[in-house]
Each structure stands twice: as structure tokens, then as C-alpha cells.
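Asks: Just need the structure, nothing else, for what follows:
(one chain, ligands or ions: 1)
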Amino acid sequence: MSKARDNFRKEVLEHNRAKNNGELVCAHKEKGNCKGKLIADHIDNNSDNNDSDNNGQVLCMSHNKKKNNSPSRIITYLRKKELSLPIYTYTRKKRETLIVGSVGMQKNVTGYPAVFDWLRDKLKSTPAIEYNDKLINSASKIGKVRQSTVRGWFETETSDEGEFALRDVTIKGEKVECIMTKQDALDFDFDSQRSERK
Ligand SMILES: [Zn+2]
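Replies: Next up, the predicted model:
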């Protein structure tokens, strides 16, 4: 084992113990059924990336195996795009509360479902889509409504009660705001939860 990797392992285990009153705790404990020895895992699965603060987490053997065999759809997608390095970090977006009933919020009877059917369809082939003006413009065309209206709809659908979610994905140091399904966002959070730790 290289010295860097050895240090990585020591630091990851040490930090985890320090956080959990001296005990090692699996980072995927909430998923249930922890089994086997607890090990220091490279979040991005790149064993040369020995940044223990940003790329380390403790996992039990069972969850480590599951993670490596079935990375979330988002991570798989990013890997395919060769955007897997370095680490994904994300922040939950704080959404502003919208005034329900404002003009921008009115659910145009055909436009609203058309926009989200279109988005749902897009997300089948591309799990994370950049949330930017281009997307808003396309959605505005699909829904036959103004950009500001569409923005309101997106705010609604990415709220806590909505079907979709926004995440900032840091790829190669650049922060990209992406829209994804709520399920994909939850999977993504599990894969990158380590980066949330302060
Ligand atoms: Zn576990």
C-alpha cells in the first residue's frame, strides 16, 4: 500500500471515530443491513485520490460492495461522460417560497403537464440536466408560455413537495446546477454525502 493510501485510510478511520464517540460507523448506515468489517472507502472509487477530507468515508463491507456494484444512475452517467474526476460535491438549493396564485404560478392547463412530460422524458436518457436559460427557453417553447412562468413552474416542481430536485454538481472545480428526479437526487446525495460533512 502506498504511503498516501495508508495515510488516507488512517485519517478516514480517525475522523469517523472522532465524530462517533470513538466508534466506527458506516456512512450508509441509514440504508440498513450493515455487514462485515468497516473500511475506508474512496468516494469516487479512485484509489489515487487520497484526499481524506473530501474523498473518504467509512463503509461496511456490504455497503462498500453495493456501492461499487451499483453506483447511482447519476454517478454512472457522469462517469460515462468522463466527468467522474475529481469528486462530486453538491449543495441543496435553498428555494425561495413562491407566492401561490401569482401570475407566474398559474398552472396553464396544457402547458404545465406538457413541460413536465417533456422533462421526465429527457431525464430518462440523461439523469442530470443542466438547469440554465437554455433549458428554460426550451421549456417555455414546449409549454407555450413565458420564461418567467416556466421558471415559476420549475420552482414549484423542485420544491420539497415537487417531483424533481436541483443539485449543484461540482465537476472539475466548476459548479453546475442540475435538475434531476427526486429519486436520483436522493441516490446522488447518498453517493456524495461525505462531502457534506464539515
Ligand atoms: Zn453499512
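Asks: how's this structure carved up into domains?
Replies: Under the assignment named as automatic domain parsing, the residue ranges that make up the domains of the chain are 1-70, 72-198.
Asks: With mean neighbour count and mean pLDDT as added columns, please give those domains in a markdown table.
Replies: C-beta: built from backbone N, CA, C; applies to glycine. Output for the domains of the chain, formatted as a markdown table (neighbours: other Cβ atoms under 10 Å; pLDDT from 0 to 100):
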| stretch | mean neighbour count | mean pLDDT |
| --- | --- | --- |
| domain 1-70 | 16 | 89 |
| domain 72-198 | 16 | 75 |
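Asks: what residues does the chain put near the ion?
Replies: Taking Cβ under 5 Å from the ion as the measure of proximity, the chain contacts the ion at C26, H28, C34, C60, H63.
Asks: ok, what's across the strand from the nearest residue to the first one once chain neighbours are set aside?
Replies: Think C26. The shortest distance from C26 to any non-neighbouring residue, by Cβ to Cβ, 6 or more residues apart in numbering, is to C60 (4.2 Å). Taking DSSP bridges as the rule, C60 bridges to L38.
Asks: roughly how far apart are C60 and L135?
Replies: C60 is 39 Å from L135, where distance means Cβ to Cβ, to the nearest Å.
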